[in-house]
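> With the sequence up front, the predicted model follows.
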Amino acid sequence: MPQPFTLVGTARPKPERADELRELLLSFVEPTRQEPGCLEYHFHEDRDAPGVFVFYEAWRTKEDLDAHLALPHLQDFWERRMDYLEQDLEIRYLTMHSPYEERAGH
């Protein structure tokens, strides 16, 4: 299996928009997990800083991630993201040094 294309993102919403952004980002989880090439997609909230959201994504290839980002609902979010955010998304692209082993039955 080739090395996954992974990233971690952090979103710091405007306080008055945090609940709305949380619900919007949660609505992306299940559909994204069904997309071709999505290996992992997790959405978190910082325990020590409620209202700060962190997402972790692992994709089979960069092309799979690019296809995900080209979807209309994500294009719409990208264009309107600053309506929700105090500052722009912080995104870190990662090199995975400990990929999962393919296991029978998993």
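Structure's in. What do you need?

> The longest helix along the chain packs against which elements?
What stands out as the longest helix in the chain, according to DSSP state H, is helix 18-33. On a contact count with 3 or more C-beta pairs under 8 Å, 6 or more residues apart in numbering; DSSP states H and E, helix 18-33 meets strand 38-45, strand 53-59, helix 72-84. The C-beta positions use only the backbone N, C-alpha and C, and glycine is treated the same way.

> Can you give the contact residues for that helix?
For helix 18-33, the external contacting residues (C-beta atoms under 8 Å, 6 or more residues apart in numbering) are 11, 13, 38, 41-43, 45, 51, 53, 55, 57, 68, 73-74, 77, 84-85.

> List buried residues within those residues.
Buried members of the contacts of helix 18-33, scored by 16 or more other C-beta atoms under 10 Å, are 11, 13, 38, 41, 43, 51, 53, 55, 57, 68, 77, 84-85.

> doesn't Glu57 make contact with His44?
No: counting by C-beta atoms under 8 Å, His44 sits too far from Glu57 to count as a contact (11.7 Å).

> quick revisit: the longest helix of the chain: which residues count as buried?
Buried positions in helix 18-33, judged by neighbour count with 16+ other C-beta under 10 Å: Ala18, Leu21, Arg22, Leu25, Phe28, Thr32.
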